[in-house]
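> this one's sequence-less:
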């Protein structure tokens, strides 16, 4: 079975550029999560979608960040304009939730470097 | 408030040693779920186990075992006869019903280094 698929695996871009990260959740999962991982702050939840609808975006750091889920099999996280402090590993996860007992399954992550 | 504490930042052992990773959690919910994830050097996050708050039975899976004790709010993870391939960062996480959805609260992680 295919897991959560993220692209690209690595992204290096210059400050001010637009960055788009992509995620394909596990088929049949109706919950999707975007996380950011940094050394300083650990794993932070950015946004949670249920049935393609954003439910909790309280973790989105600022207006430069936006996320969409146009259908059940695709989501994007966009940063515009990007800044060096956005450098991190971004993970997408999906689950059969929202019941709180459902484990989240993570993609391999996108390592983002903003120069 | 919900919180997960992994007090051990780094642990270093020699292959074949047993090692226990500690996890202490805080929640006011009576129904909650606990998880462990592994993050190997390659960077992905791998789901290892889920336990619910009503099931305090210990669980064993091969060389891995988990000890859940509600009395001490702990959910510790033991690796028996550690191997170099166990080297990774291990995260404990909590999810509670009052969050409304399966929002995971992660601990800071414990970095385990197993040396040959």
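Perfect, thanks for sending it. Computed from a predicted structure; not experimentally measured.
> Point me to the residue sitting closest to the centre of chain A.
residue A:34 (3.0 Å; C-alpha atoms, centre = their mean).
> which stretches of the chain have low pLDDT?
Defaulting to chain A. Counting by pLDDT under 70, chain A has low-confidence residues at A:1, A:98-100.
> oops, chain B please
Across chain B, the ranges flagged by pLDDT under 70 are B:99.
> what's near enough to touch the nearest residue in space to residue B:52 that is not next to it in sequence?
Residue nearest to residue B:52 in three dimensions, not counting chain neighbours: residue B:33, with 5.3 Å by C-beta to C-beta, 6 or more residues apart in numbering or on different chains. C-beta coordinates here come from the backbone N, C-alpha and C atoms, glycine included. Residue B:33 makes contact with A:100, A:101, B:50, B:51, B:52, B:53, B:94, B:95, B:96, B:102, according to C-beta atoms under 8 Å, 6 or more residues apart in numbering or on different chains.
> Restricted to buried residues, select these in PyMOL.
If you want just the buried ones from the contacts of residue B:33 in PyMOL, going by 16 or more other C-beta atoms under 10 Å in any protein chain shown, the selection is:
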select buried, (chain A and resi 100+101) or (chain B and resi 51+53+94+95+96+102)
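> Strands - which of the contacts of residue B:33 land there?
B:50, B:51, B:52, B:94, B:95, B:96 (DSSP state E).
> would TSV of the residues you listed with distance to residue A:22 be doable?
Below are those laid out as TSV (distance: C-beta to C-beta, whole Å):
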residue	distance to residue A:22
B:50	28
B:51	33
B:52	33
B:94	29
B:95	26
B:96	31
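> beta partners for the residue nearest to residue B:52?
residue B:52, residue B:95 (DSSP bridges).
> Show me the beta-bridge partners of the residue nearest to the centre of chain A.
Beta-bridge pairing of residue A:34 under DSSP bridges involves residue A:47, residue A:92.
> Could you list which residues are in contact with residue 47?
Unless you meant another one, I'm taking chain A. A:33, A:34, A:54, A:56, A:57, A:59, A:60, A:67, A:77.
> Chain B was what I was after
Residue B:47 touches A:103, A:104, A:105, A:106, B:35, B:37, counting by C-beta under 8 Å, 6+ apart.
> Once you drop chain neighbours, what's closest to residue B:67?
residue B:76 (4.8 Å).
> secondary structure class for that neighbour?
Following DSSP: H, G, I helix; E, B strand; the rest coil, the label given to residue B:76 is strand.
> List the contacts of residue A:31.
Per C-beta under 8 Å, 6+ apart, neighbours of residue A:31: A:48, A:49, A:50, A:94, A:95, A:96, A:97, A:98, A:102, A:104, B:101, B:102.
> do the same with residue B:34
Counting by C-beta under 8 Å, 6+ apart, residue B:34 has contacts B:23, B:25, B:50, B:51, B:52, B:53, B:68, B:75, B:92, B:93, B:94, B:95.
> thinking residue A:56 is in contact with residue B:104, fair?
No. Here residue A:56 does not reach residue B:104: they are 12.0 Å apart, not a contact under C-beta atoms under 8 Å.
> When these two are compared, which one has more neighbours?
For residue A:56 and residue B:104, the more surrounded residue by other C-beta atoms under 10 Å in any protein chain shown is residue B:104, and the numbers stand at 23 against 17.
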